[in-house]
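Participant: Build me a structure from this.
(chains A and B)
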Amino acid sequence: MAMREIRSALITNNPVTQQILGICSALAVSTSVATALTMSMALTAVLCTSNVIISSIRHHIPPSIRLIVQITIIASLVIVTDQILQAYAFELSRQLSIFVGLIVTNCLVLGRAEAFASRNPVGPSAIDGLANALGYSLILLLVGTVREVLGQGTWFAMTVFPLASNGGWFEPIGLMTLAPSAYFVIGFLIWAIRSKRRDLVERTGYGLRREELSDD
Amino acid sequence: MTDIFFTAVFSENLALSFFLGICTFLAVSQRVDTAFGLGIAVIVIQTITVTANAFVYHALLAPGAWSWAGLPDLDLSYLALIAFIGIIAAMVQITEMVLDRYLPVLHRALGIFLPLITVNCAILGGSLFMVEREYTIGEAAIFGFSSGFGWALAIIAFAAIRERIRYSDMPNGLNGLGSAFLITGLLSLGFAAFAGAAG
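Facilitator: Sure thing, here's the model as predicted:
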């Protein structure tokens, strides 16, 4: 059961490429693999812990104020994560800038808390959190890898393609270090996934036939 | 003052170069009129919350803010995140009630967007940038307005393009989300080209 959950969250139901959740902060930190990995670890920690906490107190949260309770729990976890990063990895935490703080409003964390953890037992909630965090991390690391290798010729700061300026042959692509490239990389990634898996293409509002169009 | 405005609208547009509020950006851009409503709501809320958060940060949370009470070493800035979220939620609620009471027409137009905005990363991101860049309260008000304005401009332009390409015949895998990302990338390049205007 756990394996199936994780496999589904990696491709078919990937939070980033399929549910459009949590991309807000994901793309900004993908200029290098190191920042992408740090962000993935921070999000995995917050998502798993928040799912477990919210699921374990789900019978005690009054429905009318559950969003406020959930946001408070998530915000406290993010503050802890942010302080730990500042204490032990100051340089990385400076590069991540405000984006660790923005995990609070990351739709993925609140989305999983609301959609899954608030009505399921602790065990499955933990697995659900882990699976979605892995799906998010996979996309983040892929985009980070493409951007760092093509933009700087390195991977985790190790030389992959020797640069022309250092006597090698590779001319780095400057665009890859700029913001628009993250949109292009993820756009092409979605195209590639959906060319393999036709069933994942959404229909609403885009088809040529009348019955495929919805009103919004 | 004008350089804060031009930078926040064009070269450092919250949606296109910092990826903030992209979830809403992609989800609520099928039509120009809905995008317009959401854009106006973001401008209003962003101006109010960034100013209010700047005030609270300087008055209560910044290092040394409590020196008048004999506590010069007190640094509450780690509480900023949770305070900002609370203030944003409260401000959205108050704006909704004020609009409902005094401008019912506007309330009917913006009503469904206001709750969405509470968890929009562009709103929280604006306040966090305000702290990181050490804006004063006046600068924060201008930054709040202009970053909201930039976000609104981006989503309206994007919705207009999406309405146009609705019937175009694209490769199957690219339909929908894939093309949306590529178009946003091109928009982002276009906005970045205005970088010189800020100087």
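
Participant: ok now the longest helix anywhere in chain B, how far from the chain's centre?
Facilitator: Looking across chain B with DSSP state H, the single longest helix is helix B:137-165. Centre-to-centre, helix B:137-165 and its host chain are 8 Å apart (CA atoms, centre = their mean, to the nearest Å).

Participant: quick one: average pLDDT of it?
Facilitator: The average pLDDT within helix B:137-165 is 93.

Participant: residues of the next helix or strand after it that come out buried?
Facilitator: Sequence order places helix B:177-192 as the next helix or strand after helix B:137-165, per DSSP states H and E. Going by neighbour count (16 or more other CB atoms under 10 Å in any protein chain shown), the buried part of helix B:177-192 is B:177-185, B:187-189, B:191-192. In short, each C-beta sits where N, CA and C put it, glycine included.

Participant: so what does helix B:177-192 touch, helix or strand wise?
Facilitator: With contacts taken as 3 or more CB pairs under 8 Å, 6 or more residues apart in numbering or on different chains; DSSP states H and E, helix B:177-192 sits against helix A:179-196, helix B:14-17, helix B:22-27, helix B:137-165.

Participant: Other residues contacting the helix or strand of chain A with the lowest mean pLDDT?
Facilitator: The weakest-scoring helix or strand in chain A, judged by mean pLDDT, DSSP states H and E, is helix A:23-26 (a mean of 71). Here helix A:23-26 makes contact (CB atoms under 8 Å, 6 or more residues apart in numbering or on different chains) with A:16, A:39, A:99, A:102-103, A:105-107, A:136, A:139-140, A:143, A:186, B:19-23, B:121.

Participant: can you give me the angle the longest helix of chain B makes with helix B:177-192?
Facilitator: For helix B:137-165 against helix B:177-192, the angle by axes from the mean of the first three to the mean of the last three CA atoms, to 10 degrees is 130 degrees.

Participant: following the least confident helix or strand of chain A, which helix or strand comes up?
Facilitator: Under the assignment DSSP H and E, the closest C-terminal helix or strand after helix A:23-26 is helix A:33-56.

Participant: Pull out the CA atoms of that following helix and give them to me as PDB.
Facilitator: Once non-C-alpha atoms are left out, helix A:33-56 reads as follows in PDB (Å, rounded to 0.1, in the frame of the first residue of the first chain):
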ATOM      1  CA  VAL A  33      21.000  21.400  -7.000                       C
ATOM      2  CA  ALA A  34      22.300  22.300  -3.500                       C
ATOM      3  CA  THR A  35      19.600  24.900  -2.800                       C
ATOM      4  CA  ALA A  36      16.900  22.600  -4.400                       C
ATOM      5  CA  LEU A  37      18.000  19.700  -2.100                       C
ATOM      6  CA  THR A  38      17.900  21.900   1.000                       C
ATOM      7  CA  MET A  39      14.500  23.200   0.100                       C
ATOM      8  CA  SER A  40      13.300  19.600  -0.600                       C
ATOM      9  CA  MET A  41      14.500  18.500   2.800                       C
ATOM     10  CA  ALA A  42      12.900  21.400   4.600                       C
ATOM     11  CA  LEU A  43       9.600  20.800   2.900                       C
ATOM     12  CA  THR A  44       9.700  17.000   3.500                       C
ATOM     13  CA  ALA A  45      10.300  17.700   7.200                       C
ATOM     14  CA  VAL A  46       7.500  20.200   7.500                       C
ATOM     15  CA  LEU A  47       5.000  18.200   5.400                       C
ATOM     16  CA  CYS A  48       5.500  14.900   7.300                       C
ATOM     17  CA  THR A  49       5.500  16.400  10.700                       C
ATOM     18  CA  SER A  50       2.500  18.600  10.000                       C
ATOM     19  CA  ASN A  51       0.500  15.700   8.600                       C
ATOM     20  CA  VAL A  52       1.300  13.500  11.600                       C
ATOM     21  CA  ILE A  53       0.400  16.300  14.100                       C
ATOM     22  CA  ILE A  54      -2.800  17.300  12.400                       C
ATOM     23  CA  SER A  55      -3.900  13.800  11.900                       C
ATOM     24  CA  SER A  56      -3.200  12.900  15.500                       C
END
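
Participant: Direction-wise, compare the helix or strand following that helix with helix A:33-56 and give the angle.
Facilitator: For helix A:33-56, the following helix or strand on the C-terminal side (DSSP H and E) is helix A:66-88. Calculated by the same axes, to 10 degrees, helix A:66-88 forms an angle of 140 degrees with helix A:33-56.

Participant: Tell me if the longest helix of chain B is near chain A.
Facilitator: No: on the criterion CB under 8 Å from any CB of the partner chain, helix B:137-165 is out of touch with chain A, staying 9.1 Å away.

Participant: list the helices and strands that helix packs on?
Facilitator: helix B:2-6, helix B:14-17, helix B:22-27, helix B:32-56, helix B:121-132, helix B:177-192.

Participant: Tell me who's in contact with B:A157.
Facilitator: Neighbouring residues of B:A157 by CB under 8 Å, 6+ apart: B:L187.

Participant: low-confidence ranges in chain B?
Facilitator: Scanning chain B for pLDDT under 70 picks out B:111, B:196-199.

Participant: for chain A, which helix is longest?
Facilitator: helix A:122-152.

Participant: Could you check the angle that one makes with helix A:33-56?
Facilitator: Using the same axes, to 10 degrees, helix A:122-152 lies at 170 degrees relative to helix A:33-56.

Participant: So which bits of helix A:122-152 are buried?
Facilitator: So helix A:122-152, judged by 16+ other CB under 10 Å, has buried residues A:124-152.

Participant: quick one: furthest residue from the center of chain A?
Facilitator: Most distant residue from the mean C-alpha position of chain A: A:G167, 36.7 Å away (CA atoms, centre = their mean).

Participant: I misspoke; the intended subject was chain B.
Facilitator: In chain B, counting by CA atoms, centre = their mean, B:G70 sits farthest out from the average C-alpha position, at 36.8 Å.

Participant: Quick check: phi and psi at B:G86.
Facilitator: phi -60, psi -40 (degrees, to the nearest 10).

Participant: Contact partners for it?
Facilitator: Taking CB under 8 Å, 6+ apart, one finds nothing in contact with B:G86.

Participant: how far away is it from B:Q93?
Facilitator: Between B:G86 and B:Q93 the computed distance is 11 Å (CB to CB, to the nearest Å).

Participant: try B:F36
Facilitator: 23 Å.

Participant: same deal with A:L141?
Facilitator: Relative to B:Q93, and taking CB to CB, A:L141 is found at 39 Å.

Participant: before we move on, what about A:G144?
Facilitator: Going from A:G144 to B:Q93 by CB to CB gives 38 Å.
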